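> predicted model and sequence below, questions to follow.
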Amino acid sequence: MNGDTAARTPTGTDHTAQGGLGLADLPTAEAPAPRVPEPADAPTGWRQRLAGFGYTARPTVPLADRLVPPMPDGPGVTPAVVPPSPLLSRLGISVPAGLWTFLCRWAGWLGPLAVALFAGILRFTNLGQPHAIIFDETYYAKDAYALWHGGYEINWPDGANEKIMTPGEPVPYRAMASYVVHPPVGKWIIGFGEVLFGMNPFGWRFAVALLGTLSVLMVARIARRLFRSTLLGCVAGLLLSVDGLHLVLSRAALLDLVVMFWILAAFGFLLLDRDRTRARLARLLDGVENAQLAQRVNLGWRPYRIAAGVCVGLTCATKWSGLYVAAAFGTMTVLWDVGARRLAGAPNPYLAALRRDVVPAFVSIVVLSVVVYLTSWWGWFASSNAPGQGGWGRDWAVGRSTDYPWIPEGLRALWHYHSTVYEFHTHLSDPHTYQSNPWSWLVLGRPVSFYYESPKQGANGCTAVECAREVLGIGTPLLWWAAVVALVYCLWRWAVRRDWRAGALLCGLAAGYLPWFAYQQRTIFLFYAVVFVPFLVLAVTMLIGALIGPQGVSRERRIIGSTAAGLLVLLIVWNFLFFFPLFTGQTIPMSDWRQRMWFNSWI
């Protein structure tokens with residue numbers, strides 16, 4: 001996410017002493033929150049006696065930096081000439097001064113882009129394999145094609161999958177409306193790849209793979225802004241790029257990764273809005289707390305929050321689970337405004353937010369989401385309302401009496417359509433082999449097999465007597481199990497240390513995870529969890545920051561912590577490589593496949 005200018009503060013603080021990556025001033029998860037300076041008349045004797053026990057007074061932090069901590073690098077932060085890196089000098093590596101300054105200044109983009117490139121290679125290599133319609137692609141790939149060719153989903157003839165997968169056969173499209181239970185945005189996105197590359201596996205997976213790659217870039221930039229560290233931003237991007245569930249969903253034409261993308265984009269825009277709004281407040285206060293101004297000031301035009309509202313609307317227009325995101329993120333952004341006003345000196349920040357921030361937030365997040373959602377149905381609205389000639393249910397309100405004649409017939413028909421969809425979702429309880437309970441998701445209790453075949457020797461690259469070829473929807477185990485520990489740590493940081501970053505991560509997780517506990521009787525699957533995988537990754541990144549340690553720790557502490565953090569990342573990457581054949585549908589000997597089935601519930 002862009003927005004370096006939003007974090008430029010008048011302090012001139014520089015974070016490039018360690019090569020522009022913010023290592024020297026790394027504000028990790030253990031970094032203490034700024035405290036109010038001690039009174040000038042505090043007894044000097046007490047200070048001297050405490051100093052004998054190792055006490056050091058924390059430095060005074062300007063109000064502007066408490067509102068918006070400086071970013072680690074970038075234009076406006078990195079100086080015109082950056083001193084050589086002591087680490088590289090010790091290693092005997094010499095980098096030209098101009099190149100070194102450029103790398104330091106743009107490290108916040110170069111690092112995340114490099115990680116995103118790595119993620120893109122993983123996601124696009126052999127994207128058309130397996131060359132088959134896997135799992136729910138049988139619905140969404142065809143619905144996407146129908147939307148782009150007629151504006152609404154259709155009822156496909158028998159044998160349509162076989163004809164689609166047969167080279168030279170025409171796509172058996174027919175203008176016969178079908179009842180579908182998900183909004184259209186995700187399918188419009190999937191269809192974009194089909195328009196570019198045709199009605200084939202690569203075509204219908206292309207757009208989702210692109211969003212999966214971009215989401216890695218966004219996570220890296222979001223983590224950088226959240227933790228004020230380019231290093232931790234790149235770590236977060238790397239962890240997301242090597243998560244198995246994220247990789248599998250990036251290589252399949254399903255809706256859930258599209259939902260994840262818009263949730264993550266909304267979260268990133270809200271972070272940008274938080275920094276931008278606080279920077280404006282800091283400029284208005286001119287570095288001095290002002291109770292009257294903080295209580296009454298209007299926080300101004302919020303373009304990033306409007307963008308977040310559009311993304312929340314697109315989330316809802318992909319799957320209805322976005323409704324919970326609208327509620328969670330709307331509440332979170334108002335609480336951030338409360339915190340900004342309190343820090344600026346407002347005597348009653350909740351009352352101030354109620355009067356000045358709640359309504360604009362509601363309009364930006366909720367009202368705008370509704371507008372975006374309704375707009376997403378334009379293809380259905382534009383179809384004919386003649387009986388049997390438009391989208392499913394488009395003709396329902398024609399000639400039907402109503403107590404609300406002022407409501408357009410299209411909206412009344414859409415409302416009826418949605419009432420039937422709600423009934424479907426709340427009563428879907430057909431047993432499925434790979435269904436799972438949300439209680440088991442974080443520990444990967446029951447993954448989903450998207451594709452499986454058992455080729456014999458000489459077939460599909462099989463070099464053993466018997467082989468297995470599977471696309472298994474499961475997260476990288478060590479990453480997810482580390483995330484369980486990280487979430488406990490984040491709960492502690494939020495509840496005890498009042499760390500807003502931990503609260504933000506937990507909010508994103510709760511919006512994507514907790515609602516499923518209300519539908520435990522419903523047929524649900526582990527791959528729904530991909531919508532909150534970025535927040536699991538950010539939680540693990542926060543834990544890694546705590547392992548590295550805050551600024552000012554001893555050299556020994558930093559070495560031990562950095563070693564532990566590096567070892568954790570290396571183990572996660574190794575675990576990803578070990579399971580990589582199951583994420584990408586590679587043919588492996590049956591014995592190798594059994595080695596990866598760590599639990600019976602994974603089979």
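Great, that's in hand. Numbers count the residues shown, from 1 in each chain.
> which stretches of the stretch 51-200 of the chain have low pLDDT?
Scanning the stretch 51-200 of the chain with the threshold set as pLDDT under 70 gives 51-59.
> got a list of what the closest residue to residue 237 other than its chain neighbours touches?
With sequence-adjacent residues excluded and distances taken as Cβ to Cβ, 6 or more residues apart in numbering, residue 237 is closest to residue 220, at 3.1 Å. For the C-beta atoms, the positions are set from N, CA and C on the backbone; glycine is no exception. Residue 220 sits next to 111-112, 115-116, 233-234, 236-237 when contact means Cβ atoms under 8 Å, 6 or more residues apart in numbering.
> check residue 356 too.
Residues near residue 356 by Cβ under 8 Å, 6+ apart: 296-299.
> ok, and the most crowded of those residues?
Each of the contacts of residue 356 was scored for neighbours by other Cβ atoms under 10 Å, and residue 299 scores highest at 21 neighbours.
> how close does the closest residue to that residue other than its chain neighbours sit to residue 298?
Excluding the flanking residues, the one nearest residue 299 by Cβ to Cβ, 6+ apart is residue 277, at 5.1 Å. Per Cβ to Cβ, to the nearest Å, residue 277 is found 11 Å from residue 298.
> would you reformat the contacts of residue 220 as JSON lines and include distance to residue 566 and neighbour count?
Converted to JSON lines, the contacts of residue 220 look like this (distance: Cβ to Cβ, whole Å; neighbours: other Cβ atoms under 10 Å):
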{"residue": "111", "distance to residue 566": "16", "neighbour count": "24"}
{"residue": "112", "distance to residue 566": "19", "neighbour count": "26"}
{"residue": "115", "distance to residue 566": "16", "neighbour count": "23"}
{"residue": "116", "distance to residue 566": "21", "neighbour count": "22"}
{"residue": "233", "distance to residue 566": "16", "neighbour count": "28"}
{"residue": "234", "distance to residue 566": "13", "neighbour count": "23"}
{"residue": "236", "distance to residue 566": "15", "neighbour count": "32"}
{"residue": "237", "distance to residue 566": "16", "neighbour count": "30"}
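> which one of these is nearest to residue 481?
Closest approach between the contacts of residue 220 and residue 481, by Cβ to Cβ: residue 236, at 17.5 Å.
> I'd say that closest one and residue 218 touch.
No. Contact criterion Cβ atoms under 8 Å: residue 236 and residue 218 do not qualify, at 10.0 Å.
> spit out the residues that contact these two alike.
With Cβ under 8 Å, 6+ apart as the test, residue 236 and residue 218 reach no residue in common.
> got a list of what residue 265 touches?
Residues near residue 265 by Cβ under 8 Å, 6+ apart: 218, 308, 311.
> what strand or helix carries it?
Following DSSP states H and E, the helix or strand that holds residue 265 is helix 256-285.
> list the buried residues of that helix.
Neighbour counts over helix 256-285 (16 or more other Cβ atoms under 10 Å) mark 256-282, 285 as buried.
> what secondary structure does residue 452 sit in?
Using DSSP: H, G, I helix; E, B strand; the rest coil, the structure places residue 452 in strand.
> and the residue nearest to residue 237, how far from residue 488?
From residue 220 to residue 488 the distance is 24 Å (Cβ to Cβ).
> where's the closest residue to residue 159 other than its chain neighbours relative to residue 337, distance?
Leaving out its chain neighbours, the residue that sits closest to residue 159 by Cβ to Cβ, 6+ apart is residue 172, at 7.8 Å. Going from residue 172 to residue 337 by Cβ to Cβ gives 54 Å.
> more neighbours, the two?
residue 337 (26 against 16).
> check which helices and strands the host helix or strand of the more buried one is in contact with.
Using DSSP H and E, residue 337 sits in helix 322-344. Where contact means 3 or more Cβ pairs under 8 Å, 6 or more residues apart in numbering; DSSP states H and E, helix 322-344 is packed against helix 63-67, helix 256-285, helix 291-296, helix 303-316, helix 349-356, helix 358-362, helix 500-513.
> format the CA atom coordinates belonging to it as CSV.
Taking C-alpha atoms only, helix 322-344 is exported to CSV below (Å, rounded to 0.1, in the frame of the first residue of the first chain):
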residue,chain,number,x,y,z
GLY,A,322,-18.2,-9.4,4.0
LEU,A,323,-21.1,-8.1,6.1
TYR,A,324,-19.2,-8.9,9.3
VAL,A,325,-16.1,-7.2,7.9
ALA,A,326,-18.1,-4.0,7.5
ALA,A,327,-19.2,-4.1,11.1
ALA,A,328,-15.8,-4.9,12.5
PHE,A,329,-13.8,-2.4,10.4
GLY,A,330,-16.3,0.3,10.9
THR,A,331,-16.0,-0.1,14.6
MET,A,332,-12.2,-0.3,14.5
THR,A,333,-11.8,3.0,12.5
VAL,A,334,-14.0,4.9,15.0
LEU,A,335,-12.0,3.5,17.9
TRP,A,336,-8.8,4.6,16.2
ASP,A,337,-10.2,8.1,16.0
VAL,A,338,-11.0,7.9,19.7
GLY,A,339,-7.4,7.0,20.4
ALA,A,340,-6.1,9.9,18.3
ARG,A,341,-8.3,12.4,20.1
ARG,A,342,-7.3,11.1,23.5
LEU,A,343,-3.6,11.3,22.7
ALA,A,344,-4.2,14.9,21.4
